[in-house]
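S.K.: give me the fold of what follows.
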Amino acid sequence: MATRNVRKVCALHDSIASVYDSRYEGTFCQIHDAVTWHYLQEVIAVLDVRDAVIDVGAGTGYVSLDLLQRGFRDVTAVDVSEAMLGKLRRNAYGLCADAGDRLSLHARDFHDLSNFGDCSFAAAFCQGSALACTHDYAQVYTEMHRIVRPSGYINISVDNRLGSAAKVLRTGKPADLEQALATGSWHWYEGDRRMYDLHLFSEGDLMSLVSEHALEITRLVGKIVLPREALAGVEPQSPAFGVALQHCIRYATHPCLMWSSEYVDLTCRIP
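M.R.: As a prediction, the model looks like this:
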């Protein structure tokens, strides 16, 4: 079952790689990305461009491309989908002529990162919903912890269980809601077609990862505290967009409001 889910995730992303980026261009996504990078700066600022970094579930390069543009010399990108990595490669060469010297691509199931040695990286990033798509997120996190050196950082972005209730209902599958809220078990749909299983994270799920590995939380961020419906019709150049963005950044770390967000970003430091 677990292997089959990985194959389903890979098959879907292989099929949509060419249009993947265009699916995330709306107002909600723009504010989500702005909040993400506002707080990711804190991690990137303490790294040296000579540090080796890894992007797990890299997709078309959401993190990897930014790191290359910042001058990082040793960027590793891992994804189950070869087509997504192909798009990342093309994007990278379009941005940096020397991308081939600074970017390493690996098509593999990231439950198993055994091709990377212990303490190989200064930081590991897992953005998007990559961790939610795994059949054993704790195993993936354990692998990320293993390959990051002491004093290094692990950053993950996950689908927040409570904040995803509206997303579950928008699929037109209200029967899924009870199980999604009670256990975090849900499914990704393309139209009416169920594609693969995914996990919606509770606060307890995240805190268990932190305590199991004895990590230090450096930042916990809600992305974003305004619901999608509140942003309907808000144009990026409008005053309303600026106000929404300002408040989403300001309240992203609010201890109550963050748990109403669709996504939660967790950054930890390894002692």
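S.K.: residue contacts, the closest residue to Cys96 other than its chain neighbours?
M.R.: Closest residue to Cys96 apart from its sequence neighbours, by Cβ to Cβ, 6 or more residues apart in numbering: Leu68 at 5.1 Å. Where C-beta positions appear, they are placed from N, C-alpha and C, glycine not excepted. By Cβ atoms under 8 Å, 6 or more residues apart in numbering, Leu68 lies in contact with Val75, Ala92, Leu95, Cys96, Ala99, Arg102, Leu103.
S.K.: just the buried residues of the residues you listed.
M.R.: Val75, Ala92, Cys96, Ala99, Arg102, Leu103 (16 or more other Cβ atoms under 10 Å).
S.K.: which ones are touching the first one?
M.R.: By Cβ under 8 Å, 6+ apart, the contact list for Val75 reads Val53, Ile54, Asp55, Ser64, Leu67, Leu68, Arg102, Leu103, Ser104.
S.K.: closest to Asp112 among the buried ones among the contacts of Leu68?
M.R.: Val75 (20.4 Å; Cβ to Cβ).
S.K.: secondary structure element for the closest one?
M.R.: Using DSSP states H and E, Val75 sits in strand 74-79.
S.K.: separation between His38 and Ser261?
M.R.: 14 Å (Cβ to Cβ, to the nearest Å).
S.K.: what do you get for Arg269?
M.R.: 22 Å.
S.K.: and the strands in the stretch 151-271 of the chain, which stretches?
M.R.: Per DSSP state E, counting those that start in this stretch, the stretch 151-271 of the chain carries strands over the ranges 185-190, 193-199, 216-223, 263-269.
S.K.: closest one to Ile154 among these?
M.R.: Of all the strands of the stretch 151-271 of the chain, strand 263-269 comes closest under Cβ to Cβ, at 5.1 Å.
S.K.: count the neighbours of Cys268 for me.
M.R.: For Cys268, the count of nearby residues is 25 (other Cβ atoms under 10 Å).
S.K.: ok, it - contacts?
M.R.: Counted by Cβ under 8 Å, 6+ apart, Cys268 has contacts Tyr153, Ile154, Asn155, Val210, His213, Leu215, Glu216, Ile217, Thr218.
S.K.: quick check, the third one in contact with Gln127.
M.R.: Yes. Applying Cβ atoms under 8 Å, one finds Asn155 in contact with Gln127, separated by 7.4 Å.
S.K.: those two: which is more packed in?
M.R.: When neighbours are counted by other Cβ under 10 Å, Asn155 and Gln127 differ, and Asn155 comes out ahead with 26 against 23.
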